[in-house]
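Q: here is a sequence with its predicted model. Questions after.
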Amino acid sequence: MPDILSSSPRHAPAPVRPGAFRTAIEAEPLTCTIGAEITGVNLADAARDDELFAEIKSLLLRYKVLFLRDQDISRADHVAFASRFGPLEDHPVAGSDPDHPGLVRIYKDLDSPPEHYENALHTDGTWRVNPSMGAVLRCIESPPVGGDTIWVDMAEAYRRLPDHIKTRIEGLRARHSIEATFGAVLPEEQRHTLKERFPDAEHPVVRTHPETGEKILFVNAFATHFVNYHTPENVRFGQDYAPGASHLLSYLISQAAIPEYQVRWRWSPNSVAIWDNRSTQHYAVQDYWPAVRKMERAGIVGDRPF
């Protein structure tokens, strides 16, 4: 059954206040572990209504990614809603809309250069010391078929790891790199300049969600290697470290590919996804060429993982 959340009733003759008599939000889970489609709300209203925004945030913490349709809102409304979660961030490669800082246009058409950043399972910005808290992504134009996006519940991925793997990775930390991903296609000088701006970040392999307390498997396509694996318990011979450590990292990264942890969303114009980047990964499926796909995303500055 859908979850139905509504504000406390208000009765006449009290004056009408914002949020009074509004339709209750309904949340319909899309899988057994992650994702819900919500109805009964307009994000332009939620950008200006504290109670409405609080309901949406509570649902986001529960389902990790929320989906909405028919959100015919302006770019200003998009930015205003996303800003309720915190300051917005720019992207060093994609940039942002000059009139709406923090709003990144992700437009793919026949003139777009080939790249394969989106169609890899990843968590946004883990190459930053403070990776993204989350994002609000709106579809402007969608292919008639294809171009779906997949999200993965990385708390569930950690929960279902074998106990001996949990023990083995406790306390491990990994390096995350923009140079080895976005920078890999750049000429050497530009690549080095990018790394100077964004030195490799180091994060725990298992992070704790700062609001829910969940343990989350926190390695993805941006992770290059463990930084503290070389201990007497882990390494007897060089073979244990190389390729032993890389095999373990590959195994952990591969957990995001398990369908039982995933939800898949089919886009339509004015549909929106809101996701918690701290506990998820995502993958934009690039199966729609030569159709056009235009998306706009507002990413939210996050905290330092612990």
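A: Nice, I can see it.
Q: C-alpha from now on. contacts and neighbour counts both.
A: Fine.
Q: start and end of stretch 154-169, how far apart?
A: End-to-end distance of stretch 154-169 (C-alpha to C-alpha, to the nearest Å): 15 Å.
Q: in it, what counts as buried?
A: Residues of stretch 154-169 classed as buried under the neighbour-count rule (16 or more other C-alpha atoms under 10 Å) are 154-158, 169.
Q: what's the farthest-apart pair in these?
A: Spatially, the most separated pair among the buried residues of stretch 154-169 is 156 and 169, at 16.1 Å (C-alpha to C-alpha).
Q: by contact count, what packs against the longest helix along the chain?
A: Looking only at the chain and at elements set by DSSP state H, the helix with the highest residue count is helix 50-63. The elements that helix 50-63 packs onto, with contact taken as 3 or more C-alpha pairs under 8 Å, 6 or more residues apart in numbering; DSSP states H and E, are helix 43-46, strand 272-276.
Q: so what touches that helix?
A: Counting by C-alpha atoms under 8 Å, 6 or more residues apart in numbering, the neighbours of helix 50-63 from elsewhere in the structure are 5, 7, 19, 27, 29, 33-36, 45-47, 66, 84, 212, 274-276.
Q: buried stuff in that helix?
A: Buried positions in helix 50-63, judged by neighbour count with 16+ other C-alpha under 10 Å: 52-53, 56-57, 59-63.
Q: just to revisit the earlier point, so of the helices and strands packed on helix 50-63, which one's packed in deepest?
A: Of these, the one with the most neighbours on average (mean count of other C-alpha atoms under 10 Å) is strand 272-276, at a mean of 24.
Q: picking up where we left off before, looking at the buried residues of stretch 154-169, spot the one nearest residue 107.
A: Using C-alpha to C-alpha, residue 154 comes nearest to residue 107 of the buried residues of stretch 154-169, at 27.6 Å.
Q: correct me, but that closest one touches residue 276?
A: No. With contact defined as C-alpha atoms under 8 Å, residue 154 and residue 276 do not form a contacting pair (10.7 Å).
Q: returning to that earlier point: what packs against the following helix or strand past the longest helix of the chain?
A: Past helix 50-63, heading to the C-terminal end, the next element that is a helix or strand (DSSP states H and E) is strand 65-68. Secondary structure elements in contact with strand 65-68, counted by 3+ C-alpha pairs under 8 Å, 6+ apart, are strand 36-39, strand 272-276.
Q: the following helix or strand past strand 65-68 to strand 272-276, inter-axis angle?
A: Scanning forward in sequence from strand 65-68, with DSSP H and E defining helices and strands, the next element found is helix 75-83. Helix 75-83 and strand 272-276 are oriented at 20 degrees to each other (axes from the mean of the first three to the mean of the last three C-alpha atoms, to 10 degrees).
Q: in the stretch 201-306 of the chain, which spans are helices?
A: Secondary structure of the stretch 201-306 of the chain (DSSP state H, counting those that start in this stretch): helices at 238-241, 244-254.
Q: and the shortest one, what's buried?
A: Spelled out, that is helix 238-241. By neighbour count on 16+ other C-alpha under 10 Å, the buried set for helix 238-241 is residue 241.
Q: what pLDDT, on average, does that helix get?
A: Across helix 238-241, pLDDT averages out at 90.
Q: helices or strands up against it?
A: Using 3+ C-alpha pairs under 8 Å, 6+ apart as the contact criterion, helix 238-241 has no neighbours among helices and strands.
Q: wait, doesn't residue 139 sit right on residue 296?
A: Yes. When contacts are counted by C-alpha under 8 Å, residue 139 is listed as touching residue 296 (6.6 Å).
Q: between those two, what contacts are shared?
A: Counting by C-alpha under 8 Å, 6+ apart, residue 139 and residue 296 have no contacts in common.
Q: touching, residue 217 and residue 205? I think so.
A: Yes. With contact defined as C-alpha under 8 Å, residue 217 reaches residue 205; the gap is 6.2 Å.
Q: out of the two, which sits in the busier spot?
A: Counting neighbours by other C-alpha atoms under 10 Å for residue 217 and for residue 205 shows that residue 217 has the greater number, 28 against 23.
Q: and that one, what does it touch?
A: Counting by C-alpha under 8 Å, 6+ apart, the residues that residue 217 touches are 154-155, 157-158, 205-207, 252, 279.
Q: cross those against strands and list the overlap.
A: For those, membership in strands holds for 206-207, with DSSP state E as the criterion.
Q: and the furthest pair within the contacts of residue 217?
A: Taking C-alpha to C-alpha, the two most distant members of those are 252 and 279; they sit 14.7 Å apart.
Q: which stretch in the helices of the stretch 201-306 of the chain has the least confidence?
A: Least confident of the helices of the stretch 201-306 of the chain, judged by mean pLDDT, is helix 238-241 with a mean of 90.
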